[in-house]
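Q: sequence-free structure coming up:
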(Lines give C-alpha, C1' and ligand atoms only; values in the text may rest on other atoms or scores of the structure.)
Protein backbone atom coordinates (compact mmCIF):
# COMPACT_ATOMS: atom_id res chain seq x y z
CA UNK A 1 0.00 0.00 0.00
CA UNK A 2 1.22 3.48 -0.79
CA UNK A 3 2.28 5.69 2.07
CA UNK A 4 1.83 9.46 1.91
CA UNK A 5 3.87 11.84 4.07
CA UNK A 6 2.91 15.49 4.11
CA UNK A 7 5.27 18.26 5.21
CA UNK A 8 5.94 21.98 4.90
CA UNK A 9 3.22 23.40 7.10
CA UNK A 10 3.76 26.04 9.73
CA UNK A 11 2.65 29.33 11.23
CA UNK A 12 2.53 32.28 8.85
CA UNK A 13 1.00 35.74 8.87
CA UNK A 14 -1.87 36.62 6.58
CA UNK A 15 -0.55 37.42 3.12
CA UNK A 16 2.38 35.06 3.52
CA UNK A 17 3.32 31.92 1.61
CA UNK A 18 4.03 28.27 2.28
CA UNK A 19 4.96 25.32 0.08
CA UNK A 20 3.61 21.94 1.08
CA UNK A 21 5.08 18.63 -0.05
CA UNK A 22 3.63 15.13 -0.17
CA UNK A 23 6.11 12.29 -0.53
CA UNK A 24 4.63 9.04 -1.79
CA UNK A 25 6.15 5.61 -1.50
CA UNK A 26 5.74 2.91 -4.11
CA UNK A 27 6.08 2.75 -7.88
CA UNK A 28 2.55 3.72 -8.83
CA UNK A 29 2.76 7.44 -8.03
CA UNK A 30 2.84 8.53 -11.67
CA UNK A 31 -0.14 6.34 -12.54
CA UNK A 32 -2.57 8.33 -10.39
CA UNK A 33 -4.02 11.76 -10.23
CA UNK A 34 -3.22 13.42 -6.90
CA UNK A 35 -5.00 15.90 -4.73
CA UNK A 36 -4.72 18.14 -1.70
CA UNK A 37 -7.41 18.31 0.96
CA UNK A 38 -7.79 20.19 4.22
CA UNK A 39 -9.70 19.87 7.45
CA UNK A 40 -10.27 22.76 9.81
CA UNK A 41 -11.30 22.20 13.45
CA UNK A 42 -14.93 21.20 13.70
CA UNK A 43 -15.33 20.93 9.94
CA UNK A 44 -15.34 18.10 7.44
CA UNK A 45 -12.36 17.42 5.21
CA UNK A 46 -12.67 19.35 1.96
CA UNK A 47 -11.12 19.31 -1.50
CA UNK A 48 -8.47 21.95 -2.22
CA UNK A 49 -6.72 21.08 -5.50
CA UNK A 50 -6.03 18.17 -7.84
CA UNK A 51 -3.61 17.37 -10.65
CA UNK A 52 -3.65 14.69 -13.33
CA UNK A 53 -1.00 11.97 -13.56
CA UNK A 54 1.11 13.98 -16.03
CA UNK A 55 0.37 17.43 -14.65
CA UNK A 56 -1.60 18.45 -17.70
CA UNK A 57 -4.89 19.04 -15.93
CA UNK A 58 -5.51 20.81 -12.64
CA UNK A 59 -8.56 21.76 -10.62
CA UNK A 60 -8.99 24.09 -7.64
CA UNK A 61 -11.60 24.81 -5.05
CA UNK A 62 -13.02 28.27 -5.74
CA UNK A 63 -11.65 29.96 -2.61
CA UNK A 64 -8.03 29.09 -3.48
CA UNK A 65 -8.07 29.82 -7.22
CA UNK A 66 -5.39 32.32 -8.14
CA UNK A 67 -3.61 31.86 -4.80
CA UNK A 68 -2.65 28.16 -4.69
CA UNK A 69 -0.76 26.16 -7.32
CA UNK A 70 -0.58 22.37 -7.37
CA UNK A 71 2.31 20.61 -9.09
CA UNK A 72 4.06 17.27 -9.09
CA UNK A 73 7.44 15.71 -9.80
CA UNK A 74 6.94 12.10 -10.84
CA UNK A 75 10.67 11.42 -10.84
CA UNK A 76 10.71 12.27 -7.14
CA UNK A 77 7.30 10.75 -6.28
CA UNK A 78 6.37 14.11 -4.78
CA UNK A 79 3.32 16.34 -4.91
CA UNK A 80 3.47 20.05 -4.07
CA UNK A 81 1.10 22.84 -3.12
CA UNK A 82 2.39 26.40 -3.37
CA UNK A 83 0.18 28.60 -1.24
CA UNK A 84 0.39 32.38 -1.64
CA UNK A 85 -1.64 35.25 -0.20
CA UNK A 86 -2.67 33.06 2.70
CA UNK A 87 -5.74 33.99 4.71
CA UNK A 88 -6.77 33.02 8.25
CA UNK A 89 -9.55 30.88 6.76
CA UNK A 90 -6.87 28.70 5.14
CA UNK A 91 -5.93 27.46 8.60
CA UNK A 92 -6.33 23.67 8.64
CA UNK A 93 -4.52 20.37 8.54
CA UNK A 94 -3.61 19.65 4.92
CA UNK A 95 -3.55 16.14 3.48
CA UNK A 96 -2.74 14.55 0.13
CA UNK A 97 -4.37 11.55 -1.47
CA UNK A 98 -4.80 9.97 -4.88
CA UNK A 99 -7.50 9.01 -7.32
CA UNK A 100 -8.15 7.91 -10.88
CA UNK A 101 -8.83 11.40 -12.26
CA UNK A 102 -8.93 15.07 -11.34
CA UNK A 103 -12.72 15.04 -11.58
CA UNK A 104 -13.08 12.06 -9.22
CA UNK A 105 -10.66 13.60 -6.71
CA UNK A 106 -12.60 16.87 -6.71
CA UNK A 107 -15.69 14.79 -5.89
CA UNK A 108 -13.79 13.09 -3.04
CA UNK A 109 -13.90 9.77 -4.94
CA UNK A 110 -10.47 8.53 -3.93
CA UNK A 111 -8.51 5.36 -4.63
CA UNK A 112 -8.51 4.66 -0.90
CA UNK A 113 -10.63 7.06 1.11
CA UNK A 114 -9.91 5.10 4.29
CA UNK A 115 -6.20 5.92 4.17
CA UNK A 116 -4.82 9.31 5.09
CA UNK A 117 -1.36 10.38 6.12
CA UNK A 118 -0.67 12.39 9.25
CA UNK A 119 -1.20 15.69 7.47
CA UNK A 120 0.65 18.97 7.98
CA UNK A 121 -0.72 21.86 10.04
CA UNK A 122 -1.06 25.25 8.39
CA UNK A 123 -1.89 28.15 10.69
CA UNK A 124 -2.44 31.64 9.29
CA UNK A 125 -2.56 34.48 11.80
CA UNK A 126 -4.41 37.71 11.12
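A: Perfect, thanks for sending it. Since we're looking at a predicted model, the values are computed, not measured.
Q: Can you show me the helices along this protein?
A: 102-106 (DSSP state H).
Q: which residues does the most centrally placed residue in it contact?
A: Centroid-nearest residue in the chain, with Cα atoms, centre = their mean: residue 36, separated by 1.9 Å. In this structure, residue 36 makes contact with 20, 22, 48, 49, 50, 70, 79, 81, 94, 95, 96, judged by Cβ atoms under 8 Å, 6 or more residues apart in numbering. Every C-beta, even on glycine, is put in place using the N, C-alpha and C of the backbone.
Q: ok, the residue nearest to the fourth one when sequence neighbours are not counted to residue 102 distance?
A: For residue 49, ignoring the flanking residues on the chain, the nearest one in space by Cβ to Cβ, 6 or more residues apart in numbering is residue 70 at 4.1 Å. Plainly put, residue 70 is 10 Å away from residue 102 if you go by Cβ to Cβ, to the nearest Å.
Q: Mind listing the shared neighbours of those two?
A: What both residue 70 and residue 102 touch, as defined by Cβ under 8 Å, 6+ apart, is the set 35, 50, 51, 58.
Q: So which of these are in strands?
A: Taking DSSP state E as the definition of strands, the shared contacts of residue 70 and residue 102 contribute 35, 50, 51, 58.
Q: Closest one of the shared contacts of residue 70 and residue 102 to residue 90?
A: residue 35 (16.3 Å; Cβ to Cβ).
Q: and the closest one, how far is that from residue 97?
A: 6 Å.
Q: Need the overlap of contacts for the two.
A: Counting by Cβ under 8 Å, 6+ apart, the residues touching both residue 35 and residue 97 are 105, 110.
Q: More neighbours: residue 70 and residue 102, which one.
A: residue 70 (24 against 21; other Cβ atoms under 10 Å).
Q: picking up where we left off before, tabulate the shared contacts of residue 70 and residue 102 (a markdown table), appending neighbour count, pLDDT and distance to residue 87.
A: Converted to a markdown table, the shared contacts of residue 70 and residue 102 look like this (neighbours: other Cβ atoms under 10 Å; pLDDT from 0 to 100; distance: Cβ to Cβ, whole Å):
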| residue | neighbour count | pLDDT | distance to residue 87 |
| --- | --- | --- | --- |
| 35 | 27 | 97 | 20 |
| 50 | 27 | 98 | 21 |
| 51 | 24 | 98 | 22 |
| 58 | 17 | 98 | 20 |
